[in-house]
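Asker: Build the 3D model from these lines:
(one chain, ligands or ions: 3)
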Amino acid sequence: MNLDKAVRIDEDNVAIKRVKEMCINCGRCKTICEDIVGIHYDEKCKEAVCLHCGECILNCPVGALVPKYDYRKILDYLHDTEKIVTISIAPAVRSSIGEGFGLEPGTFLEKQLVGALKDVGFDYVFDVTFGADMTVMEEASELVDRLKTKKGLPMFTSCCPSWVKYLEIYHPTIKEHLSTVKSPIGIQSSVLNTYFLKMMNIPKEKLVNVVVVPCTAKKFEIRRTELGMDFAITTSELVLLLKESKIDLTKAREEEFSALLGKGSGSGVIFGRSGGVMEATLRCANYLLTGKDKITSFLTLEENQKSDKIKKAIVNIGSFTLRVASVRGMIGVEEILKDLKDYDFIEVMNCKEGCVSGGGQVLTAISKQDEINLARAKALELDDLNSKIRFCYKNPDVINIYKTYFNYPNSPKAKKLLHTNFKDRSSILREKSL
Ligand code: SF4
Ligand code: SF4
Ligand code: SF4
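Answerer: Ligands and ions are numbered 1, 2, ... in the order given. Predicted coordinates:
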């Protein structure tokens, strides 16, 4: 069959695979890619560039699009007694993985997941909310610095790899506006490959680091050379890994995350929903500028739901009045780029509800996606509300790692290990239009 209506997924796409025999050429994936992700399928670029976001996977009615699976390679490492294998769990995974075992969307399974992964044989099970807290510490400090010097404003969040790739391809001239802080999994990886190795006296060649994410684009992100994460597997892959290991998550024992990197605060947990990175960063920036704790509630879940593509607000912090915006889905990006001077801080998430609705999550009925994503986001919101610690700067593990290793946010050591830089990838478009 001529598959001319489908999105083009090249053989070397690191995140997505199309099973040609299953494709019915319905064209839904391409419509989603154009209308929801906002990819340019115009004459000029001939072939659109894939951002690896996985929105097409979630919307293919016959399951002909799937993540590129890496989980079997990880099972091999788990059987290798010479290797020490860590796994870190991203925030949005814990409120959706239960769906793969027949549980209701939004069932919060953090401790059961840790127990299951320890039973599978992972040597250490860590929480990416720790990396998220570190990202916030660095990013809030960077924001405060940019506000004080009036340079590099507006600052964009940079933790969504699909958004970062989009900017690098279509708008490289404004890449200085991206926060240079690594994403939570990037920071988690840096901490594992430096601080953790040193504390545990583990030779570098023995360590294998895995992260489980709701996001297919993280498979692209970990290939950025400085990242140092060995594997990114999706929530849906983890379901397969657990089932092949004969683990029933509904019956798993409850366990705490492995010590040393510890757990994150409520700020780290809300990274998994749209507006969460903005909210967490503003909480920390407020403390840096006023010395006070404040839940800014810039984007409560209810307010967030009312907005369409872009949510805007004015937030007063100390002597600064910040014009902030949260772009919910890549389709809102071009609109906001027209008026950059009207903002100081902008969060961009490729997926509308943030990572809870990522392309690596357990598949759901297309008609129920909104309802299910909301239930997943609510579970994270509730965990933040009930957290004993809701501010990253009060997380004792974060305080400890700065005291003993990184000194202070944006210190020379932190800049070297926890920050990154971005490329001009616009030549991809010229290559495609040849
Ligand atoms: S949505 Fe699925 S079946 Fe339809 S064209 Fe795309 S890959 Fe093929
Ligand atoms: S992964 Fe995202 S950008 Fe790539 S084809 Fe699918 S929807 Fe389009
Ligand atoms: S919003 Fe989250 S899940 Fe979606 S592409 Fe970005 S990082 Fe991945």
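Asker: What is the least confident helix or strand in the chain?
Answerer: Here the helix or strand of the chain ranked lowest by mean pLDDT, DSSP states H and E is helix 301-306, holding a mean of 52.
Asker: Could I get the buried residue list for the next helix or strand after that one?
Answerer: Next in sequence after helix 301-306, counting helices and strands by DSSP states H and E, comes strand 310-317. Neighbour-count burial for strand 310-317 flags 310-311, 313, 315, 317 (criterion: 16 or more other CB atoms under 10 Å). (Glycine included, C-beta is placed from N, CA and C.)
Asker: which element is residue 169 on?
Answerer: Per DSSP H and E: residue 169 is located in helix 161-170.
Asker: tell me what that helix is packed against?
Answerer: helix 218-221, helix 427-432 (3 or more CB pairs under 8 Å, 6 or more residues apart in numbering; DSSP states H and E).
Asker: Residue of the stretch 301-434 of the chain nearest ligand 3, please.
Answerer: Across the stretch 301-434 of the chain, no residue is closer to ligand 3 than residue 358, which sits at 2.6 Å (CB to the nearest ligand atom).
Asker: Now the spatially closest residue to that residue that is not a sequence neighbour, what are its backbone angles?
Answerer: Once flanking residues are discounted, residue 358 sits nearest to residue 214: 3.7 Å by CB to CB, 6 or more residues apart in numbering. Main-chain torsions, residue 214, degrees, to the nearest 10: phi -80, psi 10.
Asker: And residue 214, how far from ligand 3?
Answerer: Separation of residue 214 from ligand 3 (CB to the nearest ligand atom, to the nearest Å) stands at 5 Å.
Asker: What of residue 77?
Answerer: Distance from residue 77 to ligand 3, counting by CB to the nearest ligand atom: 24 Å.
Asker: Tell me how many other residues surround residue 228.
Answerer: 18 (other CB atoms under 10 Å).
Asker: can I assume it sits in a strand?
Answerer: No - Residue 228 is assigned coil when assessed by DSSP: H, G, I helix; E, B strand; the rest coil, not a strand.
Asker: was I right about it contacting residue 191?
Answerer: No - with contact defined as CB atoms under 8 Å, residue 228 does not reach residue 191; the gap is 10.1 Å.
Asker: sorry, back to before: the residue of the stretch 301-434 of the chain closest to ligand 3: neighbour count?
Answerer: Neighbours of residue 358 under the rule other CB under 10 Å: 33.
Asker: circling back to that earlier point, in CSV: the buried residues of strand 310-317, plus pLDDT and distance to residue 40.
Answerer: Below are the buried residues of strand 310-317 laid out as CSV (pLDDT from 0 to 100; distance: CB to CB, whole Å):
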residue, pLDDT, distance to residue 40
310, 87, 19
311, 87, 24
313, 86, 29
315, 89, 33
317, 90, 36
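Asker: Now do the contacts for the closest residue to residue 215 other than its chain neighbours.
Answerer: Distances taken as CB to CB, 6+ apart place residue 358 nearest to residue 215, at 4.2 Å, with adjacent residues excluded. By CB atoms under 8 Å, 6 or more residues apart in numbering, residue 358 lies in contact with 53-54, 92, 213-216, 234-235, 351.
Asker: swap in residue 267?
Answerer: Residue 267 makes contact with 132-133, 136, 279-280, 283-284, 384, 390-392, according to CB under 8 Å, 6+ apart.
Asker: let's see it at 6 Å
Answerer: Contacts were defined as CB atoms under 6 Å, 6 or more residues apart in numbering; by that measure residue 267 touches 136, 280, 283, 392.
Asker: Tell me if it really is in a helix.
Answerer: Yes - assigned with three-state DSSP, residue 267 falls within a helix.
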